[in-house]
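Engineer: Generate coordinates for the sequence data below:
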Amino acid sequence: MEQRIVIIPTYNEIENIRQMVRKVMSLQPPTHLLVVDDNSPDGTASAVQELQKEYSDRLFLLQRPGKNGLGTAYIAGFHWCLAKDYAYICEMDCDFSHNPDDLPKLVAACEQGADVAVGSRYVGGVVNVVNWPMGRVLMSYYASKYVRMITGMKISDTTAGFVCYRRKVLETVGLDRIKFKGYAFQIEMKFRAWKLKYQIAEVPIIFTDRTLGTSKMSTKIFREALFGVIELKLKSWFGRL
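Structural biologist: Take a look at the predicted model:
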C-alpha cells in the first residue's frame, strides 16, 4: 500500500503550480501528489502535464470539465485516492498559504494515533496567521468559535483546509452524502468525523496569505458556511447526517 498522498484542487493557479509541485516532490519521506484541476483557462493543467514527465511515478492529474466547488473537487480526489489504496490522504491549497514543509507533521500525527490531523491556525491563538488584515483574522477566528458553539466540536480551527485523514475516515464519513461545496465543506468533514468519534488532533502551523494568484473566497461561500453549520447540527439531531 502506498503510504501518503496530498490532494491539491486548482483553478487558475498557473503562478503557483510549478513551484508547488516541485516543493511537494522534494519532501521526505516521498509524497505523492494529485492535482484536481477544474478546467483552468490559464493552463494550470498543461503545466502539471509537463511536470509529469519528470515525476511520472508520483505526480497525477485529475481533470474535471468545469468549476464546481472546492468540496466536489476534494470528494473526486478522495475517491481517486481510495481506489489507489493510500493509507494517509492529505488536502491543502496551492497558493502556499499552507506550507508544504508541514505535511510530514500532519502525517506523523496520524501515524502516532490521530485519525484526522488538522493544520491549525488557532490552536495557539491568532498569532499563526501572517499577512491577513486584522479584520479578516478576527472574522476567521470568531467564525471558528461560532462553529464550535453550534456544533460542540472541540476544535480550534474548524474551517481549516490543511488536513490529513487516515484512510478509514474517508471510507466511513459518507463522502457521497456531503452537501456543501465551499468552505463549509471543511466544517462538514470534521463534523462527520467527530460524530463518528474519530480522534482529531490539531497541529500548529503558520498560515501565510497568498502572494500570487487570486483568492476564491466569495460572499456566497461565506453564507453557506454561516447557515450550513446550523443545518448540520439539526440533521445530526434527527439522524439525517
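
Engineer: Do a quick rundown of the strands in the chain.
Structural biologist: 4-10, 32-37, 59-63, 88-91, 116-120, 129-130, 163-166, 200-204, 207-208 (DSSP state E).

Engineer: Let me have these in a markdown table, extended by distance to I155, mean neighbour count and mean pLDDT.
Structural biologist: For the C-beta atoms, the positions are set from N, CA and C on the backbone; glycine is no exception. Compiled in a markdown table, the strands of the chain are given as follows (distance: least, C-beta to C-beta, whole Å; neighbours: other C-beta atoms under 10 Å; pLDDT from 0 to 100):
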| stretch | distance to I155 | mean neighbour count | mean pLDDT |
| --- | --- | --- | --- |
| strand 4-10 | 21 | 25 | 97 |
| strand 32-37 | 25 | 25 | 98 |
| strand 59-63 | 28 | 18 | 98 |
| strand 88-91 | 16 | 26 | 98 |
| strand 116-120 | 7 | 25 | 96 |
| strand 129-130 | 16 | 16 | 60 |
| strand 163-166 | 11 | 25 | 98 |
| strand 200-204 | 6 | 19 | 95 |
| strand 207-208 | 15 | 20 | 79 |
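
Engineer: so which of those strands gets nearest G69?
Structural biologist: Proximity to G69 (C-beta to C-beta) singles out strand 4-10 among those, at 9.3 Å.

Engineer: List the neighbouring strands of the closest one plus their orientation.
Structural biologist: Partners of strand 4-10 in the sheet, by DSSP bridges, are strand 32-37 (parallel), strand 88-91 (parallel).

Engineer: among those, which is nearest A76?
Structural biologist: strand 32-37 (5.9 Å).
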